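K.L.:
Kindly generate the corresponding structure for this input.
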Amino acid sequence: CYRSSLTGLPMFLLDAGEDVVMFLLLAFAASGPLQPFRLLGQHSLGIYLFSDLFKTTGGFEIMVRGHIIVPSMKQAYLAWQGHGFMQIFIVVVYVALIIVVVGIPGNVVIVQTVRGVSAVVRHVRKVFT
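P.N.:
Residues are numbered from 1 along each chain as shown. Predicted coordinates:
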C-alpha cells in the first residue's frame, strides 16, 4: 500500500469532507424523520463541541494495551488509497464512531454540569432570600 504524508490541500479536503458528513448527519438527526435519529439530534451540542477535539489532537484512534483496535482516519484513508467508495465509507464510519464514543458522552457531561450549576444557584438563592 502506498503511504504518503497527507498534508496541504488533500488534508484540507479530507477534513472538509468530515465536516460536511458531520453536518449532514446532525441536520438529519435534528430534523427527526426517523425516531432513532432523534436521540442523536438531542446530543448534537456535545457532538459538535467534542468532535473538534480530534482535529487538534491529530485524530481519533482506539488503542488497548498498546494494540491499535481502530487506526486513525488518516491511516485508514491512506490504506484504501485508490478506492474512492471505501474512502467515503471510512469518513462516514469515523464520524459515526466519534459521535458514539465522544460526542454523546460529551453532551452528557455538558448536561450534568449545567444541572449541577443550576442546583447550586437555586440553593444559593434560597439561602440569601
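K.L.:
quick one: the strands in the protein?
P.N.:
62-64, 67-70 (DSSP state E).
K.L.:
now for the ones you listed, which one comes closest to residue 8?
P.N.:
When these are ranked by distance to residue 8, counting by C-beta to C-beta, first place goes to strand 67-70 at 25.4 Å. (C-beta placed from N, C-alpha, C; glycine too.)
K.L.:
which residues touch the closest one?
P.N.:
With C-beta atoms under 8 Å, 6 or more residues apart in numbering as the test, strand 67-70 has contacts from 60-63, 97.
K.L.:
Determine which two of the residues you listed are furthest apart.
P.N.:
63 and 97 (13.6 Å).
K.L.:
Tell me the confidence at residue 10?
P.N.:
The per-residue pLDDT reported for residue 10 equals 77.
K.L.:
now do residue 116
P.N.:
pLDDT, read off for residue 116, is 95.
K.L.:
picking up where we left off before, mind checking which of residue 63 and residue 97 has more residues around it?
P.N.:
residue 97 (15 against 10; other C-beta atoms under 10 Å).
K.L.:
which ones are touching that one?
P.N.:
With C-beta under 8 Å, 6+ apart, residue 97 has these contacts: 60, 70.
K.L.:
Can you give me the pLDDT of it?
P.N.:
Per the predicted model, pLDDT is 82 at residue 97.
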